[in-house]
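>>> can't give you the sequence, but here's the structure:
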């Protein structure tokens, strides 16, 4: 299958700090790719570059036929965001809106759906993440795990072709982590293309079709789930040695 | 003691004070929102204009603005009634402060909220009005209401240009009755009755916001 995301020799620096140094990898349509690595290895930055939250310095990224390079325009980014959803570590729900309003906001204003259409659609994605009864609750009334599931539903309501997950369970306890991972697993089963930055090694191994191990701003090793059991480099061996 | 007629005069004057305050709240709020938006805009010229406006207004006594609006503008050919001139000065004054208070609130909205809105493909204008402004205004509600109390009290300065509001009327009555203690006590109570509910509301909102932010 042709790749839906293609990073080609991508570099990014913040001042004198070179966060990404020639990163290349592909994501096949319908697949799940997990990016793992130490804090500071550049994995979150790589993910943020994929949907244009960070501008790259050199190289090229192709996402759903959108081409990102160092001088991408605002209009291009907006077109990209119509196709790509992202879920953040800190949920980033809109605290002044109810769960339902959070989900309906973009479909109504961006996709120009009618109120009833957006309402129906929002209820449907909420059901998908198991929170149908929370439609009128405010984010602050929900647990972290529930908020994160709402954030996933909010992204889903825009019917993205690709979903990005940036350490979405890092702020949650094991029980809440489990409920979020379950939702992500069901999305993967439905054939959603997903790229996730994660510290959940077991999840990466079980669900991801491909794992990308990043180290010092480079792709150090990539492969299937078996890669974690038989690391080729000392860096990955040390990394998983502490985890599994 | 005060006669019924004098009491009625004070109550009527209190209505003018309330009216002047309301004009400052509503029109000053509208202009203030515009100033706040200009102040955080990406456009340097707009930012500069708003900054200069705020600096000039905050650096000028309201009393002087009242005089300028009434005597100054009439020299320029705008013959305003005292009430219109006072309203004009109050709107200028309150808009600068509202603008500065709300700018702070808007900037206090976490950057991640902008990002989340951007990633949902909301247009920059939609991000601002649907996501950032409502939160920014909410954050600034307590200082906003606190400033509304200042507005009510500062309408007393309109007495210098002859607006028959509470302070002006009380001076008139005192000039004929020479009972300053009674008259000004009554006036103080009337001001308090207008300000206290605002102060109470402000405290209430502060508690509520603290709970929400934990």
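Arrived safely, thanks for sending. Bear in mind that the values here come from a model prediction, so they are computed numbers and not experimental data. Residues are numbered from 1 along each chain as shown, chains lettered A, B, ... in the order given.

>>> Ends of stretch B:37-44, what's the gap?
Using CA to CA, to the nearest Å, the end-to-end distance of stretch B:37-44 comes out at 12 Å.

>>> Can you get me a residue count around the residue lying closest to residue B:143 once chain neighbours are set aside?
Counting by CB to CB, 6 or more residues apart in numbering or on different chains, residue B:101 is the residue found nearest to residue B:143 once chain neighbours are left out, at 5.0 Å. Using the backbone N, CA and C atoms, a C-beta is placed for each residue, glycine as well. Applying other CB atoms under 10 Å in any protein chain shown, we find 21 other residues in the vicinity of residue B:101.

>>> In which helix or strand does residue B:101 reside?
Taking DSSP states H and E as the criterion, residue B:101 maps to helix B:82-108.

>>> who in chain B is up against chain A?
Residues of chain B found near chain A, taking CB under 8 Å from any CB of the partner chain as the criterion, are B:112-113, B:115-124, B:126, B:130-131, B:134-135, B:138, B:212, B:214.

>>> any idea where the strands of the chain begin and end?
Picking chain A for this. Assignment of strands within chain A using DSSP state E yields the ranges A:3-14, A:17-28, A:32-37, A:58-63, A:66-68, A:84-87, A:162-166, A:193-197, A:210-215, A:218-223.

>>> residues in contact with the shortest one?
Right, the one you point to is strand A:66-68. Applying CB atoms under 8 Å, 6 or more residues apart in numbering or on different chains, the contact partners of strand A:66-68 are A:49, A:52, A:56, A:60, A:61, A:62, A:76, A:79, A:80, A:83.

>>> one step back: of the residues of chain B next to chain A, keep whichever come out buried.
B:113, B:115-122, B:126, B:130-131, B:135, B:138 (16 or more other CB atoms under 10 Å in any protein chain shown).

>>> So which residues of the chain form helices?
This is for chain A. Using DSSP state H, the helices of chain A run over A:43-50, A:74-83, A:99-109, A:115-128, A:144-156, A:174-189, A:201-207, A:234-243.

>>> sorry, should have said chain B
With helices called from DSSP H, chain B shows them at B:4-39, B:44-58, B:62-67, B:73-75, B:82-108, B:111-119, B:124-126, B:133-139, B:141-154, B:166-177, B:180-213.

>>> What's the mean pLDDT across the second one?
With pLDDT averaged residue by residue, helix B:44-58 scores 96.

>>> Next: the longest one.
What helix B:4-39 shows for mean pLDDT is 95.

>>> Can you point out the buried residues in stretch A:128-143?
For stretch A:128-143, the neighbour count (16+ other CB under 10 Å) marks A:128, A:129, A:131, A:134, A:135, A:138, A:139, A:142 as buried.

>>> picking up where we left off before, residue A:234 is nearest to which of the helices of chain B?
The minimum distance between residue A:234 and these falls on helix B:111-119, with 36.0 Å, by CB to CB.

>>> who touches that closest one?
A:51, A:53, A:77, A:81, A:84-86, A:88, A:90, A:92-94, B:126-127, B:130-132, B:135.

>>> Pull the distance from that helix to the chain's centre.
31 Å (CA atoms, centre = their mean, to the nearest Å).

>>> That helix to helix A:144-156, inter-axis angle?
For helix B:111-119 against helix A:144-156, the angle by axes from the mean of the first three to the mean of the last three CA atoms, to 10 degrees is 30 degrees.

>>> Residue A:52: neighbour count?
Neighbour count for residue A:52, taken as other CB under 10 Å: 22.

>>> correct me, but it touches residue A:77?
Yes - here residue A:52 reaches residue A:77: they are 4.4 Å apart, a contact under CB atoms under 8 Å.
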